[in-house]
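Enquirer: how does the following fold in three dimensions:
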Amino acid sequence: MADKRLFVIEERQDPGRMLPKDAAIAVVGRHIHFNAAVLDTFDVKGCEPRHYDMLVLSAAIEFADRRWMRPLGWRRTLDVTVPVIDLKTWQKPDVLKTLHSVLNHLTGDAWRLTFVQAKNLSPIGSRQIPLDFGKAKTFAVAYSDGLDSRAVSALSGNEDEALCIRVAGNRQRRKKGDSYFTQIPFKVKGYRGNESSFRSRGFQFAAVTAIAAQLSGVTRIIVPESGQGALGPVLLPLHNIYSDYRNHPTFFRKMERFTKAVLDYRVRFDQPRLWSTKGQTLRAFLGIVGKSEQHLTSTHSCWQTRRIVNVGGRKQCGLCAACLLRRLSLHAAGVNEASGTYVVSNLAASDASKALSVIPQKADRDIMVEYGSVGARHLQHLAEMADLPNDALRAHASQIAAATEATYEETLTKLRTMLVTHAGEWRVFLSAQGDQGFLKSWMDGGRYGRSE
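Expert: Okay, the predicted model is just below:
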């Protein structure tokens, strides 16, 4: 398959006639748009050209990743040229080597990054706003409105110690404890949305978080994902789809090496809940003095589009993989949510068509059944892994052990314990939906590909 080539050019720059005819062009200022107000939050004392370069690179990677549809064999060759201010740094062999290593591992593609000298050498400006957080921060966390980030931030230390970095594309309502970096400072458009997998999102989040951490003098970055979300996508990849390493320890070790090479700053991506289920994490959160169920039920986990979830008010779908894991985990933690939280509220309904009848469009109902059946069976298969012999878990345990600098035996024990705990939580959750519920029917091999 032919290489896919992308040239990022600066605003008002003439692309010239030298570019290949089949190359795509992304213009900074048009296709890669920086939000000046948000970018200001990154323009603090200590901000260097390589930080801005990293943001442009992250945007260029997103454009390329989403511009070209994957072939049946998954892997693409993506050739990307990016203008940078600090060209000398980006041409260092160690920077190029570690960058290609982390991107290839994360996305399953073959990346070729070329850097050229940028014309505009001061795109941010020279405001150099000093940071004043009051109390020194001891760790950074990529923060969202999800359960894990809410719970793990609190479990990792006092909220005054947390540098909460918003990794959403849109500005969200500021909450107590939020810090200076309120949003990803750029948007990418014009790629025509050909590819939805967007595996490079993990690089984007990690890069933005590393930049903010360095500017704030923080070296410990908390990854809030619990065991099922961090390891499950690699333990059980979907058929013919490259394993999803976005929250896996192997990705973070490679990201640390790249960050050290390009920023000359050593950060550590710490996964304190790697061996816990999300349910265990939520129970631990509720054990903190002053924390209540309301702190958890006010979060948002759903992946689905607004068209599907805006049924009778803004809700969560209740059936996608993220919602199912949310509901399973809250159930394991003994938390009851309000009846109007989910569009698909009744998981004990005898068939999916009854549960989904509130969604007006049949096409949307079909989409939800597809998402729900895949998500439910993933949770079921993950539970079944608890019964596998050691040999069947050996490759995974060895890979994780190497990435976490632990022994194989210790890692295997922790992995099995997490799987056994998940299996118990899933079994109890399924039982609570009743033997006649459609979730149980799906697990028994009933129809799950289309709704009636």
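Enquirer: low-confidence ranges, this protein, go.
Expert: Scanning the chain for pLDDT under 70 picks out the ranges 1, 16-18, 43, 122-135, 168-180, 182, 193, 304-314, 445-452.
Enquirer: residue contacts, the residue nearest the centre of it?
Expert: Closest residue to the average C-alpha location of the chain: Gly202 at 5.3 Å, with CA atoms, centre = their mean. Counting by CB atoms under 8 Å, 6 or more residues apart in numbering, Gly202 touches 106, 245-247, 251. C-beta here means a position set from N, CA and C on the backbone, and glycine is covered the same way.
Enquirer: what values do phi and psi take at it?
Expert: Backbone torsions of Gly202, given as degrees, to the nearest 10, read phi -60, psi -40.
Enquirer: equivalent analysis for the one 3 residues further on, please.
Expert: With angles defined as degrees, to the nearest 10, Phe205 sits at phi -60, psi -40.
Enquirer: cool, and Val84?
Expert: Taking degrees, to the nearest 10 as the convention, Val84 sits at phi -130, psi 150.
Enquirer: does the closest residue to it other than its chain neighbours sit in a helix, a strand or a coil?
Expert: Spatial nearest neighbour of Val84, chain neighbours left out: Asp53 (4.2 Å); criterion: CB to CB, 6 or more residues apart in numbering. Of the three states, Asp53 takes helix according to DSSP: H, G, I helix; E, B strand; the rest coil.
Enquirer: pull out the buried residues from the contacts of Gly202.
Expert: 106, 245-247, 251 (16 or more other CB atoms under 10 Å).
Enquirer: where along the chain do the strands fall?
Expert: Using DSSP state E, the strands of the chain run over residues 4-9, 24-27, 32-34, 77-84, 110-117, 139-143, 162-166, 186-188, 220-222, 268-270.
Enquirer: so can I have a markdown table of those strands showing distance to Ser156 and mean neighbour count?
Expert: Compiled in a markdown table, the strands of the chain are given as follows (distance: least, CB to CB, whole Å; neighbours: other CB atoms under 10 Å):
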| stretch | distance to Ser156 | mean neighbour count |
| --- | --- | --- |
| strand 4-9 | 36 | 22 |
| strand 24-27 | 37 | 19 |
| strand 32-34 | 31 | 20 |
| strand 77-84 | 34 | 20 |
| strand 110-117 | 33 | 16 |
| strand 139-143 | 6 | 25 |
| strand 162-166 | 7 | 26 |
| strand 186-188 | 28 | 19 |
| strand 220-222 | 5 | 23 |
| strand 268-270 | 8 | 17 |
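Enquirer: JSON lines for those, including distance to Ala432?
Expert: Formatted as JSON lines, the strands of the chain follow (distance: least, CB to CB, whole Å):
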{"stretch": "strand 4-9", "distance to Ala432": "48"}
{"stretch": "strand 24-27", "distance to Ala432": "49"}
{"stretch": "strand 32-34", "distance to Ala432": "47"}
{"stretch": "strand 77-84", "distance to Ala432": "46"}
{"stretch": "strand 110-117", "distance to Ala432": "45"}
{"stretch": "strand 139-143", "distance to Ala432": "31"}
{"stretch": "strand 162-166", "distance to Ala432": "34"}
{"stretch": "strand 186-188", "distance to Ala432": "42"}
{"stretch": "strand 220-222", "distance to Ala432": "32"}
{"stretch": "strand 268-270", "distance to Ala432": "34"}
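Enquirer: out of those strands, flag the one nearest Ser301.
Expert: Ser301 lies closest to strand 139-143 among these, at 14.2 Å (CB to CB).
Enquirer: give me the contacts around that closest one.
Expert: Against strand 139-143 from outside (CB under 8 Å, 6+ apart): 149, 152-153, 156-157, 161-167, 178, 205-206, 208-209, 212-213, 216, 218, 220-224, 270.
Enquirer: also stretch 385-396?
Expert: Against stretch 385-396 from outside (CB under 8 Å, 6+ apart): 231, 234-236, 412, 415-416, 419-420, 422-423.
Enquirer: top of those residues by neighbour count?
Expert: Ranked by neighbour count under the definition other CB atoms under 10 Å, these are headed by His422 with 28 neighbours.
Enquirer: ok, it to Ala110 distance?
Expert: The gap separating His422 from Ala110 is 34 Å, by CB to CB, to the nearest Å.
Enquirer: want to throw the contacts of Gly202 into a markdown table with distance to Lys88?
Expert: Formatted as a markdown table, those follow (distance: CB to CB, whole Å):
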| residue | distance to Lys88 |
| --- | --- |
| Leu106 | 26 |
| Tyr245 | 30 |
| Arg246 | 31 |
| Asn247 | 33 |
| Phe251 | 27 |
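Enquirer: among these, give me the pair with the biggest separation.
Expert: Maximum distance among the contacts of Gly202 (CB to CB): 10.7 Å, for Leu106 and Asn247.
Enquirer: what's Leu72 in contact with, if anything?
Expert: Taking CB under 8 Å, 6+ apart, one finds Asn240 in contact with Leu72.
Enquirer: if you set the cut-off to 7 Å instead, what comes out?
Expert: By CB atoms under 7 Å, 6 or more residues apart in numbering, Leu72 lies in contact with nothing.
Enquirer: now swap in Leu296 and tell me
Expert: Leu296 neighbours (CB under 7 Å, 6+ apart): 147, 150, 282, 330, 335.
Enquirer: so the third one sits against Ala151, correct?
Expert: Meaning Leu282. Yes: with contact defined as CB atoms under 7 Å, Leu282 reaches Ala151; the gap is 5.7 Å.
Enquirer: follow-up on the earlier one: quick one, which of the strands of the chain is nearest to Pro360?
Expert: Of all the strands of the chain, strand 186-188 comes closest under CB to CB, at 30.5 Å.
Enquirer: partner strands of that closest one and their direction?
Expert: Using DSSP bridges, the strands paired with strand 186-188 are strand 32-34 (antiparallel).
Enquirer: Gln204 reaches Ala60, doesn't it?
Expert: No: judged on CB under 7 Å, Gln204 makes no contact with Ala60 at a distance of 10.6 Å.
Enquirer: and for the nearest residue to Leu356 once chain neighbours are set aside, the neighbour number?
Expert: Of all residues not flanking Leu356 in the chain, Arg365 sits nearest, at 4.6 Å (CB to CB, 6+ apart). By the measure other CB under 10 Å, the count of residues near Arg365 is 22.
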